[in-house]
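S.K.: Let's see this in three dimensions:
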Amino acid sequence: MVEQIFKITLQGNGKLVEKAIMDENVHYIHMVFPKNEGLPEHFSNSTVYMTVLRGTLSIGLDDQETHTYPAGNVLKIPFQTKMNVRNLHDDTLELVVVKAPAPQM
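M.R.: Residues are numbered from 1 along each chain as shown. The predicted structure is shown next:
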């Protein structure tokens, strides 16, 4: 078999951060956040591509005001950007985050 298979959870509304692929090329992370959940404020350790699969993302970057992005949006966030990722809405937020190149540990 040439390909590698990775799986993510496709159902549920509870908080979930699952690291599907974490190799030397890319980090691929699936996240689900109910209302008022999110990530701790942090700085991006790579270029981050964030895809909103469902719900509405509320995100503050560096010193900007919080912006909102509904499902179907893909954000490209530069390396070393301060990020505050939250779900401030009633609907469950689901994201896929791709870090490329993979952060150097």
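S.K.: Low-confidence bits of the chain, can you list those?
M.R.: 105 (pLDDT under 70).
S.K.: all strands of it, in order?
M.R.: Remark: strands assigned in the chain by DSSP state E are 16-22, 27-33, 42-43, 48-54, 56-61, 67-70, 74-77, 82-86, 93-99.
S.K.: Which elements pack onto the third one?
M.R.: I take that to be strand 42-43. strand 82-86 (3 or more Cβ pairs under 8 Å, 6 or more residues apart in numbering; DSSP states H and E). C-beta coordinates here come from the backbone N, C-alpha and C atoms, glycine included.
S.K.: Outside of the strand it packs on itself, which residues are in contact with it?
M.R.: With contacts defined as Cβ atoms under 8 Å, 6 or more residues apart in numbering, strand 82-86 is touched by 33, 36-39, 41-44, 48, 50, 57-63, 66, 77, 95.
S.K.: Which of those are buried? Put it as a ChimeraX command.
M.R.: Entered in ChimeraX, the line below selects the buried ones among the contacts of strand 82-86, by 16 or more other Cβ atoms under 10 Å:
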select :33,37,38,44,48,50,57,58,59,61,77,95
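S.K.: out of the strands of the chain, nearest to I8?
M.R.: strand 27-33 (4.3 Å; Cβ to Cβ).
S.K.: Give the pairing partners of the closest one; include direction for each.
M.R.: strand 16-22 (antiparallel), strand 93-99 (antiparallel) (DSSP bridges).
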